[in-house]
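Visitor: the sequence and its predicted three-dimensional model are supplied below.
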Amino acid sequence: MTEAQWARIEPLLPDRTPKRGGRWRDHREVIDAIAFKFRSGSQWVHLPGKYGNWRGVCNRLRMWAVDGTWERVFTALVAQADADEDLSWAVSVDSTIVRAHQHAAGARKRGPGR
């Protein structure tokens, strides 16, 4: 993550002092660990030791999902990218993306015993 990217995200993250226990691991390290996990497709238990305990990283990911942190970050980043005209809102959806049952399009249904 670049310094510019971190500067956008850092103010949107919660305080590093949890309600119980000691201080959390640095948010930037945790986000790097989460990014590594999803980029590599590895399991949590195979997270390299440099990122700390995998349970702590996984728990932070879940906690931030529940408390709305990820939604705040995403909303702010999309708003900034839209304001900077860095987004294209053109969307293409076809049947390979959206699946529908054949009867959803009005195909005739066969009743029982026919």
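Guide: Great, that's in hand. As the structure is a computational prediction, the values presented were derived from the model and not from experiment.
Visitor: for A4, give its distance to L77.
Guide: From A4 over to L77 the distance is 12 Å, taken as C-beta to C-beta, to the nearest Å. In short, each C-beta sits where N, CA and C put it, glycine included.
Visitor: between the two, who's got more neighbours?
Guide: L77 (15 against 7; other C-beta atoms under 10 Å).
Visitor: could you find the closest non-adjacent residue to the more buried one?
Guide: The shortest distance from L77 to any non-neighbouring residue, by C-beta to C-beta, 6 or more residues apart in numbering, is to R8 (6.6 Å).
Visitor: in this structure that neighbour contacts Q80, no?
Guide: Yes. Look at R8 against Q80 with C-beta atoms under 8 Å: they come within range, at 6.6 Å.
Visitor: which one of these two has more residues nearby?
Guide: Looking at R8 and Q80 with other C-beta under 10 Å, you find the greater number of neighbours at R8, namely 15 against 12.
Visitor: show me what contacts the residue sitting nearest the centre point of the chain?
Guide: Nearest to the geometric centre of the chain sits W70, at 6.6 Å (C-alpha atoms, centre = their mean). By C-beta atoms under 8 Å, 6 or more residues apart in numbering, the contact set of W70 is W64.
Visitor: one more: A33?
Guide: 47, 51-52, 57.
Visitor: A35 and I9 touch, don't they?
Guide: No. Between A35 and I9 there is no contact under C-beta under 8 Å: 11.3 Å.
Visitor: name the residues contacting each of the two.
Guide: Common neighbours of A35 and I9 (C-beta under 8 Å, 6+ apart) are M1.
Visitor: compare these two (neighbour count), which wins?
Guide: The neighbour count for A35 versus I9, taken as other C-beta under 10 Å, is higher for I9 (16 against 11).
Visitor: does the nearest residue to the more buried one once chain neighbours are set aside count as helix, strand or coil?
Guide: Among residues not flanking I9 along the chain, V73 sits closest, at 5.9 Å (C-beta to C-beta, 6+ apart). Here V73 is recorded as helix under DSSP: H, G, I helix; E, B strand; the rest coil.
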